[in-house]
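J.: Provided below are the primary sequence and the corresponding predicted coordinates.
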Amino acid sequence: MLGLLLMAGGLVGFLPILGFWMFPLGVALVISDFPPLRRRLEVWLNETRRRYHMDMLKSEREHRDAA
């Protein structure tokens, strides 16, 4: 239910309090309710975390080497 509300709020993201960030969060919550799609969401989140973490490590090394 919360996922559907977030998706609806994301559709009117141009309003001051609501935002377009609500739609993807709502989709993620709705997907987490369906077991076949939950695994795909977990794989995607893990890949995103790994990629983001590796980018952060790389930028820290470059910053440290430049100093």
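T.: On my side now, so go ahead. Residues are numbered from 1 along each chain as shown.
J.: How far off centre is the biggest helix by length in the chain?
T.: For the chain, the helix with the greatest residue count under DSSP state H is helix 35-66. Distance of helix 35-66 from the chain centroid (Cα atoms, centre = their mean, to the nearest Å) equals 12 Å.
J.: Buried residues in it, which are they?
T.: Of the residues in helix 35-66, those buried under the neighbour-count criterion (16 or more other Cβ atoms under 10 Å) are L41. For the C-beta atoms, the positions are set from N, CA and C on the backbone; glycine is no exception.
J.: helices and strands around the helix or strand that contains V27, which ones?
T.: Element membership of V27, judged by DSSP states H and E, is helix 22-31. Other elements packing on helix 22-31 under the criterion 3 or more Cβ pairs under 8 Å, 6 or more residues apart in numbering; DSSP states H and E are helix 2-11, helix 35-66.
J.: So for the last one, mean pLDDT?
T.: In this case it means helix 35-66. Along helix 35-66, the predicted local confidence has a mean pLDDT of 79.
J.: per-domain residue ranges of this structure.
T.: 1-33, 35-67 (automatic domain parsing).
J.: hang on, the earlier thing: what's the angle from the longest helix of the chain to helix 22-31?
T.: 130 degrees (axes from the mean of the first three to the mean of the last three Cα atoms, to 10 degrees).
J.: tilt between the helix holding V27 and helix 2-11?
T.: Here the directions of helix 22-31 and helix 2-11 differ by 160 degrees (the same axes, to 10 degrees).
J.: For helix 22-31, give me every contacting residue.
T.: Under the contact criterion Cβ atoms under 8 Å, 6 or more residues apart in numbering, helix 22-31 has outside partners 2-11, 13, 37-38, 40-41.
J.: From these, which one has the minimum pLDDT?
T.: Confidence by pLDDT is poorest for G13 among the contacts of helix 22-31, given 75.
J.: element containing the residue nearest to that one when sequence neighbours are not counted?
T.: The spatial neighbour of G13 that comes closest, neighbours along the chain excluded (Cβ to Cβ, 6 or more residues apart in numbering), is F20 at 3.6 Å. Here F20 is covered by no helix or strand, with elements defined by DSSP H and E.
J.: Distance check, the spatially closest residue to M7 that is not a sequence neighbour against L41.
T.: Counting by Cβ to Cβ, 6+ apart, M7 lies nearest to G26, which is 3.5 Å off, once chain neighbours are set aside. With distances defined as Cβ to Cβ, to the nearest Å, the gap from G26 to L41 amounts to 13 Å.
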